[in-house]
Structures are given as C-alpha cells and as structure tokens.
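Novice: Fold the stuff below for me.
(2 chains)
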Amino acid sequence: MIHIPLWKTILVIGVCLLGIVFVSPNFFTEKQLENLPGWFPKNTLVLGLDLQGGAHLLLEVDFEAALQEQMNTLSDAIRTTLRKERIGYTGLSAKKDFVTLILRDPADIKKATDLITQTDHTLQIKSTPEGQLTFTLNEATIRERKKSALAQSIEIIRRRVDETGTAEPFIQQQGDDRILVQLPGLQDPTRIKNLLGQTAKLQFRFVDTSVAADPAKPTPGSDVLAEDHNGQVAYYAVKKQVIVNGENLVDAQPGFDEYNRPIVTFKFDSLGGKKFGEATKNNVGKIFAIILDDKVISAPRINTPILGGSGQISGSFTVQEAQDLALLMRAGALPAPLKVLEERTVGPGLGADSILAGERATVIAILLVMAFMFIAYSFFGAIANIAVIFNLILLFAALSVAQATLTLPGIAGIALTIGMAVDANVLINERIKEELRLGRKMLSAIDAGYNRAMTTIIDSNLTTLIGVGILYHFGTGPTRGFAVTTSIGILVSMFTAITLTKQIIAWWLRFRHPTRLPL
Amino acid sequence: MGLQLIPYNTNFDVVGKKNVIFGILVAIAVLCLGSIFIQGFNYGIDFKGGLLLEIRTHEPVADIAKLRSDMSSVVVGEVTLQEFGSPNDILIRVERQPGGDEEQLAALAKIKDKLGTSVDYRRVETVGPKVSADLIRNGVYAVLWALIAMLVYIWFRFEWQFGVCSFITLAHDSLIVLGLFSLFQLEFNETTIIAVLITVTYSINDTVVIYDRIRENLRKFKKLPLGELINLSINETLSRTILTSTTTLLSLLGLYFFGGPVIAAFSFPIIVGITAGTISSITVSAPLLLHTGLRAEKP
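Specialist: Numbers count the residues shown, from 1 in each chain, chains lettered A, B, ... in the order given. Next comes the predicted model:
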C-alpha cells in the first residue's frame, strides 16, 4: 500500500475542485455571470490584442525637444533679467542643452551670475575671463524633469484616450522614455495617433501689427506663425509675450455659433480670467492670436473686453476638428512631444480566426498526446491523461485568476506544455518498468519509480523555467504571453503529473487490490 | 498492457561511433554557420523595420501585379505581396522607408489611401528603426543569457564537465535552428528567438535526464570504463528520451497542421529544433564527457 497522509489527499482534492470553480466563469455568458452570487469568481481569461483585435502603439517621449524648449524659456528669462539690470551682453542663444552669452564687460560676471542664480539656483554656470557665460541644468535636475515629464505624459495620454471613449485602454511605462498604449477593439488608430501626436500647448498672445509678418525675416520680440485653413496659409507676427496659456484653462467644449458653425467654447480659472480680462480691456481694437503648438488657430479682433473668464474660438472647423480641439484643450498639454515608434493593429476578424485555429490546434494536439500515452502505457497512460485534463483546468483557472494575458504564442505554449507535462509521467512510468524488470515487487517498484524520477523531473523542469524566465525578461507582449502560459503550465504539471497521479494510483491500489501492474 | 514502443534492452554503441557522429554534426554546423555568414538572414518586420499589412478583399484579387505596382508607386523600396491562406487574403510587406519613425507612419497612411476603404484590414504593423534595433539586441541577449544560465545550472547541479558539454550541445542546437532560417531564408522574427529558446530548454531537458543517469551509474558501477558507462546510461534512458520527444512533437504537429499560417510558421522551427535537440542530447552531450577527464577527477 502506498501511504499518502490524509491532509495531502484533502489538499489534492481541494486544489482540483478550486481549479474547476475558478475556470468555470469562462463557460458562462456575461449575463449568467451577473446573476451568480457575489462570492462566486467572475474573472475570465484576458485575451491579448492579437486575439481580440485592437491597436498597439509604442510611443517615445522626445525629451530632447522638451529640453530645447526649457532652454528657450531659460534664455528668455536671462534676457529679461539682464535687461532689467541693464547689463550689456551679446550672442545670447539657446542650444540643445545649454544657453550661452558673452557679457560686454567681463567685470559684470559676478553680478550677472548672482542675479541669474537667484531666479534658478539649480543652474550650473561656467564663465571664462573674457566674459562668456554658459548655463546648463545639472544631471539630477534633468533626471528629475525626465521622470516627471514621463509621468505627466502618461497622465495626459490617459485623459486624451479616455475622452475618446475607447474601452479599457491599457497605458504603461516601458523603460525610461517609452509608453505603451494598447486599445482593445480599436480598428483604426489614426484619430488617436493624431490626438497623441500633438503636444497641445495652448497660448493666447497679441499680434504685432506694426511689423511685417514675413516668415523669412522674423523681428526680435515676435515670432512669425502660420494659420492654415485647408491649404490657405496666412502669417501673423505674434508677440513673444504670452497673455494666458493652457494651464489656466478649466474647461473646453465643442459647440455651434449662431450661424450653426462648429466652435469651441472655453473657460479660464479665476487667475486666467483676470489676466485675460485686463489684457483685453487695455487693448480693445487690437488683434490677438489663439495658438496651438505654434500654429495660429484663430486671430480675432478684440471688440469689447472679455471679462467673464470664458470665450469661444471660431475658426473654420469641421465638427470633428472642433471636438478634437476641445478635447486637447481639456486634457492639457504634453510636457514633451511624442513619437510613434511602433504600431500594430489586428482586426477583430483575424483575432477571431486565430482563436478558432488556436483552439482547434490545441484540442487536436492534446488528443494526439492522450492517445499516444494510452497506447504506450494503457491504464497508467489513462491516469496520466486525467492529469493532463486537470493540468489544463488548473492552467486556465490560474490564467483567469491572475488575469494574465493569453496571446497567440501563448496558445502554442499551452499545447507545448501538454507535450512536456506528460514527460514527468513518461519518466515515472519508465522508471517503474525498469524497477519491475530489476525484480522489485509491485508496490516498491511504484514507490521507487516516483522517488527516483523526482530529481530528474525537478532538474528538467527547473531548466525549462529558467529558459522561459529569460524569455519573459527580454520579450515583448506576445512573447511574454508565451512565457507566462508555459511557466504556469510547467508549475501546474509538477502538481498534476506527480502528486495527482500518485493519489489516483493509491486509490486504485486500495480499492482494486491489483496483483500486477498493467503497464 | 501498454505497448513496448521502444525495446528496453537496446545496446547502441553511441560512444564507439562518436567520431562519425561528431563528424556529421560538425559538418552540419559548418554548413549552418557558412550559410549564416554568406546568405545571412531574411529578417522580418520585427528586426528590419518597415510595414506589414494583411488585407482581406471581398473578391479574390485578380491582378496581384497591378496591386503591387499600385503600392510601389506610393512608397520607396521593395514591396512584396503574398497570398496568405486564401485568394482573398493578401499579405503586403513594405521595406523600411528611409528616414526615421515618422516616415514609416507616413508611408502607411499613403498605402491605406491607395487601398481605400473597400478592403478589410486584418493586421497592420509598422515598426520603426529604433524598436527593431532594440528587438535584435534583446533577442541576442536572451539566447546568450539562456545558454549561460543553463551552463551555470548544470555546473551547480553536476560537475563543471557536464556544464561545459551541455553548453556545447546547446550552442550546436541553437546553431541548427538559426541555420535552418538562413538556409531556407525563412522569415526571421521575434518568434524565431522563441523557437531557439524552446529548442535550448527542451534539449537541456533531455540532456539532464541522461546526465542524471550517468551520475547515478557513476556511483553504482565504480569499476566500469567511462565509455561503457555512458553507453549504458544512454541506452537505459533511450526509451524515455524518445517517448517524451514524441509526445511533444505530436502536439507540435497538431499546431503545425491545424493552427493556421501564423502558428504554423511559429511551430515549424520548434519541431526541427526539438528533433535536433533530442538527437544531440543522445549523441553529443554524453559522449563529449569522455573528452573532459570526468572520471579522473572523481575517483
């Protein structure tokens, strides 16, 4: 008699029953699941984008552009400071990651550095005796800003994607500067790409009508920006000074004006409303520009002061354009531009076909393995096959509970796991046969078979787990799906192929009292 | 009663024929290496970047040549079209567009424009140069780390000689799978790396089982010459090695024939790799031990 302690028997039965309970939600419809009692598990399998269809975008945060932007701001700040203090300088320019200038009088170095340090004490300043000053951000500051820019980008992306009404988007940081956006069910990601492709930096600035708006000859103190209406391009010389920017915006909604043309209405917070109100009050009759990402959307004349803190933008929008503009204004600006590095979409048709083909192939693969095991080991093969069935049940139960994603390579991983899972039974059964041939008695042969095969099984499964773990570490989405299903499958097989089969054999020995092994 | 599919009292003299076997396997390895160096790989979109579209049309595509020239007129470089499973399904591959990541997306927009809305886009993939460089690097790291991890594990569990021999065997197996891709110019994608890693992990499985037996026999038969002991161990584990490989191959054949074109392309190299891994575990990993002075260190 093979002795298995009672607690172990209870554990084996318990695990199998739990597996059945946790896998069962997959066989109910959503409606049926809703009507089940609250304690009943409701998690079903999560299908990867390659199976359920959807879009996958890998975005990169362009920190260089953000850094350049910060250098521009820094150079503006330095200009203002030095002018106010009447310190003469030449050649002020913002480079990729530093700002440089030459003081007219090298004796001003101390005064200038002190003044500028007061505005930003983290700046690193280098000077030469000739009066050249170079300003850089220190490493820690850059790292800190990168980190916060990434976090902020993810937040803004989430807001923009949520606003489009896409169901259950998955947005996650990847590495130091990448963001993965997965949009299940979305067929054509063009609109999302357009929305994410804009930084959406919104500014209200005055138009300088005293100078010519020639893009080839910008005047200091203003930028020449374009307004593009379906190919008709107009240029404006826009003053560098910003009246209000998008940070002071609290709401923006698409709407229609009295001629039924699409417009966007917006609302400032109290600070923005005050600034905007004062600026418009003092400049009635002048033109201001509403600028999004350095493009003029609209350049209206101020007819009356706008004091209520809200206003409307009427360009020649389509309804969709007005909706998207309002969305971008509401969601806020990205701290840095985003670039799409990789785009993969799978239509729902292909996904459904893949599920079907995967299911069919897996069922056939399992039937082949089970038939083979039965031919090779008859009764003991049948026991191994029961283990295979529970292996599948527990694998799917674990995937459902853990909400791990099942991908197409993952389906292949399941079939492969089954092929490998019976390996333990082959090892055990071969060992039992061998021990029988060496003249051992039935029971001691079974015992020796299980004990001796154990080290081999552990060694071989551990090596497989190492390989799969490495695959998980280096792989991307679908590959990881493969690694997850295979590793869960192998871990489960250690239980089903060894503990469960031994339990079944113990029952068989106890209730049938066989005299020889049908092996 | 189960059938005795593999006789239990086999007595193959693997060790005696090792020079012939090594000769053949080295020749295959040289062939694979040569092909890799001369022909290189047919890199797919994951590693080369570019565009891939799988479209389904409502009627079978009559004029593939016209579709190809339509596509070629809007993008730079090579465009290949391939029927994919049925005459209504076409796989379009476009070489990576010169420039950066934006140019790939621009090309995709032009192609979609040209194809219009009457076709059903089943799959669209655009991979820019940055991602493909990362994927290549990760693939190489994954395989190297897997080999090293196995070496260390076997070293830890057995003796260093076992570790070194299994490392050589695994490197050989990986080379065969890679050689297969180069020789037949199969599309080399991220899934190819999966195939290599599965081959490695599977081959190490078989090797471990044989090594386990060698270790057991080394304790049991202190006087037996090493060559005979290795032969005995190989023959004792032969039925298990072949039976297990058979079950795994059976399930893979199920995938290959019934899993559709994507899964078939995925399982084919694994089938070859597992076959190669099983053979090399039997014929290489164990006989190699003779050359490492194993017994001299463990009297």
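
Novice: got the residues of the stretch 1-150 of chain B near chain A?
Specialist: Taking C-beta under 8 Å from any C-beta of the partner chain as the contact definition, the stretch 1-150 of chain B meets chain A at B:1-3, B:5, B:8, B:54, B:56, B:101-102, B:105, B:108-109, B:120-128, B:130-131, B:135, B:138-139, B:141-142, B:145-146, B:149-150. Where you see a C-beta, it was placed from the backbone N, CA and C, and this is true even at glycine.

Novice: Show me the shaky parts of the stretch 1-150 of chain B.
Specialist: The model of the stretch 1-150 of chain B has pLDDT under 70 over residues B:1-3, B:5, B:62.

Novice: residue ranges of the helices in it, please?
Specialist: Ranges of helices in the stretch 1-150 of chain B, per DSSP state H, counting those that start in this stretch, are B:18-38, B:45-48, B:64-74, B:101-115, B:129-157.

Novice: so A:A149 touches A:L338, yeah?
Specialist: No: at 10.8 Å, A:A149 and A:L338 do not qualify as touching, with contact defined as C-beta atoms under 8 Å.

Novice: neighbour-wise, which of these two wins?
Specialist: A:L338 (23 against 20; other C-beta atoms under 10 Å in any protein chain shown).

Novice: Excluding sequence neighbours, find me the nearest residue to that one.
Specialist: Excluding its sequence neighbours, the residue lying closest to A:L338 (C-beta to C-beta, 6 or more residues apart in numbering or on different chains) is A:L59, at 4.6 Å.

Novice: Kindly confirm my reading that the one you found is in a strand.
Specialist: Yes: membership of A:L59 in a strand is supported by DSSP: H, G, I helix; E, B strand; the rest coil.

Novice: isn't it right up against A:A336?
Specialist: No: using C-beta under 8 Å, A:L59 is not in contact with A:A336; the gap is 10.7 Å.

Novice: who wins for proximity to B:V272 among the helices of the stretch 1-150 of chain B?
Specialist: Shortest distance between B:V272 and the helices of the stretch 1-150 of chain B, using C-beta to C-beta, is found for helix B:18-38: 11.5 Å.

Novice: What is the closest one packed up against?
Specialist: helix B:160-183, helix B:286-288 (3 or more C-beta pairs under 8 Å, 6 or more residues apart in numbering or on different chains; DSSP states H and E).

Novice: go with 6 Å
Specialist: helix B:160-183 (3 or more C-beta pairs under 6 Å, 6 or more residues apart in numbering or on different chains; DSSP states H and E).

Novice: Check which residues of the helix it packs on are buried.
Specialist: The neighbour-count check on helix B:160-183 (16 or more other C-beta atoms under 10 Å in any protein chain shown) flags B:161-170, B:172-182 as buried.

Novice: Mind exporting the C-alpha coordinates of that helix to CSV?
Specialist: Extracted C-alpha coordinates of helix B:160-183, given in CSV (Å, rounded to 0.1, in the frame of the first residue of the first chain):
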residue,chain,number,x,y,z
TRP,B,160,31.8,21.5,-14.4
GLN,B,161,32.4,18.9,-17.1
PHE,B,162,28.7,18.4,-17.5
GLY,B,163,28.1,22.1,-17.7
VAL,B,164,30.7,22.6,-20.5
CYS,B,165,29.4,19.6,-22.5
SER,B,166,25.8,20.7,-22.3
PHE,B,167,26.8,24.2,-23.3
ILE,B,168,28.5,22.9,-26.4
THR,B,169,25.4,20.8,-27.2
LEU,B,170,23.1,23.7,-26.7
ALA,B,171,25.2,26.0,-28.8
HIS,B,172,25.0,23.4,-31.6
ASP,B,173,21.3,23.1,-31.3
SER,B,174,20.8,26.9,-31.5
LEU,B,175,23.0,27.0,-34.5
ILE,B,176,20.9,24.4,-36.3
VAL,B,177,17.7,26.3,-35.8
LEU,B,178,19.4,29.6,-36.8
GLY,B,179,21.0,27.7,-39.8
LEU,B,180,17.5,26.5,-40.8
PHE,B,181,16.3,30.0,-41.0
SER,B,182,19.3,31.1,-43.0
LEU,B,183,19.5,28.1,-45.4
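
Novice: Low-confidence stretches in the stretch 201-350 of chain A?
Specialist: For the stretch 201-350 of chain A, counting by pLDDT under 70, not a single residue falls below.

Novice: Also within reach of chain A: list those from the buried residues of helix B:160-183.
Specialist: Restricting those to those touching chain A (C-beta under 6 Å from any C-beta of the partner chain) yields no residues.

Novice: ok, and the closest non-adjacent residue to B:Q39?
Specialist: Nearest to B:Q39 is B:S182, by C-beta to C-beta, 6+ apart, at 5.5 Å.

Novice: Might you report the residue contacts of the one you found?
Specialist: B:S35, B:I36, B:Q39, B:F41 (C-beta atoms under 6 Å, 6 or more residues apart in numbering or on different chains).

Novice: try 7 Å this time
Specialist: B:C32, B:S35, B:I36, B:Q39, B:G40, B:F41 (C-beta atoms under 7 Å, 6 or more residues apart in numbering or on different chains).

Novice: quick one: B:Y256 from chain A, how far?
Specialist: Distance of B:Y256 to chain A, given as C-beta to the nearest C-beta, to the nearest Å: 8 Å.

Novice: and the helix or strand hosting that residue, how far out from the chain's middle?
Specialist: Taking DSSP states H and E as the definition, one finds B:Y256 inside helix B:226-258. Put simply, helix B:226-258 sits 18 Å off its chain's centre (C-alpha atoms, centre = their mean, to the nearest Å).

Novice: again, but for stretch B:108-115
Specialist: Put simply, stretch B:108-115 sits 35 Å off its chain's centre (C-alpha atoms, centre = their mean).

Novice: What residues of it count as buried?
Specialist: B:L108, B:I111, B:K112, B:L115.

Novice: From those, pick the one nearest chain A.
Specialist: B:L108 (7.4 Å; C-beta to the nearest C-beta).

Novice: got the contact list for the closest one?
Specialist: Residues near B:L108 by C-beta under 7 Å, 6+ apart: B:L51, B:T126.

Novice: swap in A:R440?
Specialist: A:A448.

Novice: SS state for it?
Specialist: coil.

Novice: what do A:A149 and A:L338 both touch?
Specialist: A:V61.

Novice: okay, now A:P335: neighbour count?
Specialist: 22.

Novice: I'd like to know how far it sits from chain B.
Specialist: Applying C-beta to the nearest C-beta to A:P335 and chain B gives a distance of 20 Å.

Novice: try A:K239
Specialist: Distance of A:K239 to chain B, given as C-beta to the nearest C-beta: 31 Å.

Novice: What is the burial count for that residue?
Specialist: A:K239 has 17 nearby residues by other C-beta under 10 Å.

Novice: from what I can see it touches A:S222, true?
Specialist: Yes: with contact defined as C-beta atoms under 7 Å, A:K239 reaches A:S222; the gap is 5.1 Å.

Novice: Give the residues shared as contacts by those two.
Specialist: Common contacts of A:K239 and A:S222 (C-beta under 7 Å, 6+ apart): A:D208.

Novice: interface residues of the stretch 151-299 of chain B facing chain A?
Specialist: B:153, B:157, B:190-191, B:194, B:197, B:200-201, B:204-205, B:208-209, B:212, B:239-240, B:243-244, B:246-248, B:250-252, B:254-255, B:258-260, B:262-263, B:266-267 (C-beta under 7 Å from any C-beta of the partner chain).

Novice: which among those end up buried?
Specialist: Buried, going by 16+ other C-beta under 10 Å: B:153, B:157, B:190-191, B:194, B:197, B:200-201, B:204-205, B:208-209, B:212, B:239-240, B:243-244, B:246-248, B:250-252, B:254-255, B:258-260, B:262-263, B:266-267, out of these.
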